[in-house]
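Student: Build me a structure from this.
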Amino acid sequence: MNKFAYIISAHRSAVIPKSGAFSQLHIHELAAPVIQKVLKSANISKNSVTELIMSNAVGAGGNPARLAALAANLPERVGGLTIDRQCAGGLDAIWLAAQMIMSGIHDVIIAGGSESASRRPIRLAINPNGGEPETYIRPNFTGLKGRDPDMVVSAAKIANSEKITRNAQEEWAIKSHQKALVTDFNEEIVPIQKQKIDSFTRNLTKKTCARAAILEGSITSATTAVDSDAAAFCLIVSEKIARNYPNAFRIQIGSSCASTPDEPVKATLEAMNNVLDVTKINPNSLKVIEIMEAYSAQAIIAATAHNFNISKINIGGGALARGHPIGASGAILAVRLFHELKKTGGAGLATIAAAGGLGSALILTNLHS
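Tutor: From the prediction side, this is the model:
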């Protein structure tokens with residue numbers, strides 16, 4: 001048995017909006033270079049890897065983690081495990097890997113997510129009455145009549161109930177882009193198709209926000225993360241390996257929760273409460289906080305739940321400034337957390353909401369601090 005698991009290497013691709021530079025790549029083709037890089041950065045042999053866990057949400061199924069493992073030239077004995085918990089899947093893959101390490105059966109696992117909005121399949125549902133198949137964009141997340149809204153409807157509802165104005169949402173989005181513009185991501189991004197930067201990041205202004213299309217209520221295209229393509233992975237190991245790495249971060253605790261199906265942010269709050277309560281960490285002592293920005297409104301609610309120090313939140317900007325590659329987004333938070341904590345030391349938190357009323361959170365602490 002291992003008491004804890006540790007991240008010793010973490011990388012991601014650039015995040016590229018749908019139909020952009022990654023539009024020709026399948027999810028395993030996005031994943032493979034990142035998987036290879038996390039091993040190279042830690043100088044760990046591919047033969048040490050015993051499992052690959054990969055989140056994917058909008059692909060065609062068929063266990064793409066297996067395809068990614070083979071594409072990355074991992075040993076053929078690495079079967080690959082694909083999970084789908086929508087937006088939270090990338091973070092949950094890392095927590096699942098940690099638990100497998102703590103079981104004592106594994107010492108080296110790669111975990112994260114890969115997503116391609118560009119290559120998502122066209123879905124057809126068989127008509128049980130023998131008619132023409134019906135197309136659909138997404139599956140049901142709850143199956144409950146009247147309680148399975150599109151996420152933008154859910155975000156507008158919570159923004160209205162919590163009195164989060166359009167102006168406040170726009171200010172959050174503008175700051176996200178501003179922070180991303182001045183952050184050097186060179187160490188964490190693996191160039192694929194010569195893409196070394198998150199291409200969506202821009203000088204967002206109030207004037208631009210004023211022209212943004214209204215999607216629902218106070219939610220606009222400027223305060224919503226765009227559909228994107230990307231991959232992100234972490235190398236997760238046991239302590240006997242981690243102790244040899246100065247930048248090893250203990251996966252202190254993770255939590256995956258479910259709450260009101262049509263208000264996912266409530267599950268995020270519960271997941272954060274769980275990890276903070278178990279670790280007894282004072283929220284004010286956190287050095288870095290990565291909060292998913294699918295919508296400004298959701299991020300604002302999560303950010304204000306524990307009176308977090310705003311200067312510690314999304315130091316390099318968030319998904320509003322990058323994009324939202326659904327199955328990879330949680331893993332991108334973990335990669336960002338890892339690289340920011342290398343600068344600050346101490347403890348950090350990542351948290352994300354997901355369709356169907358789900359939320360996840362993870363706390364990392366420096367092994368050697």
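
Student: now the helices: where do they sit in the protein?
Tutor: Shown for the chain, the helices assigned by DSSP state H span residues 27-42, 64-71, 89-102, 151-161, 166-181, 206-211, 239-242, 264-279, 296-304, 319-322, 326-344.

Student: which one of these is the most hemmed in?
Tutor: Mean neighbours per residue, mean count of other Cβ atoms under 10 Å, is largest over those for helix 319-322, with a mean of 29. Yep, even glycine has a C-beta here, placed from its N, CA and C like the rest.

Student: contacting residues for the nearest residue to S228 once chain neighbours are set aside?
Tutor: The shortest distance from S228 to any non-neighbouring residue, by Cβ to Cβ, 6 or more residues apart in numbering, is to G323 (3.0 Å). When contacts are counted by Cβ atoms under 8 Å, 6 or more residues apart in numbering, G323 touches 15-17, 198, 200, 225-228, 230.

Student: Now the residues you listed in a markdown table, please, with extra columns for distance to L358 and pLDDT.
Tutor: As requested, the contacts of G323 are exported to a markdown table (distance: Cβ to Cβ, whole Å; pLDDT from 0 to 100):
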| residue | distance to L358 | pLDDT |
| --- | --- | --- |
| V15 | 22 | 98 |
| I16 | 26 | 98 |
| P17 | 25 | 98 |
| D198 | 25 | 97 |
| F200 | 25 | 97 |
| A225 | 17 | 98 |
| V226 | 21 | 98 |
| D227 | 19 | 97 |
| S228 | 20 | 98 |
| A230 | 20 | 98 |
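
Student: between the residues you listed, which is nearest S255?
Tutor: A225 (22.8 Å; Cβ to Cβ).

Student: Surely that closest one and G317 touch.
Tutor: No - when contacts are counted by Cβ atoms under 8 Å, A225 is not listed as touching G317 (11.2 Å).

Student: From the neighbour counts alone, determine which of the two ranks first.
Tutor: A225 (27 against 23; other Cβ atoms under 10 Å).

Student: residue contacts, the more buried one?
Tutor: A225 touches 293-295, 319-320, 322-324, counting by Cβ under 8 Å, 6+ apart.

Student: Mind doing that once more with 6 Å?
Tutor: Listed by Cβ atoms under 6 Å, 6 or more residues apart in numbering, the contact set of A225 reads 293-294, 319-320, 323-324.

Student: Relative to A88, which of those is nearest.
Tutor: So of the contacts of A225, ranked by how close each gets to A88 (Cβ to Cβ), first place is A294, at 10.8 Å.

Student: and the gap between A32 and N186?
Tutor: 21 Å (Cβ to Cβ, to the nearest Å).

Student: hang on, I meant T304
Tutor: 32 Å.

Student: Could you do D84 as well?
Tutor: From D84 to N186 the distance is 31 Å (Cβ to Cβ).

Student: Next one: the residue lying closest to R120 once chain neighbours are set aside relative to V190, how far apart?
Tutor: Spatial nearest neighbour of R120, chain neighbours left out: V58 (4.2 Å); criterion: Cβ to Cβ, 6+ apart. Distance of V58 to V190, computed by Cβ to Cβ: 22 Å.

Student: I'm done for today, thanks for sticking with me.
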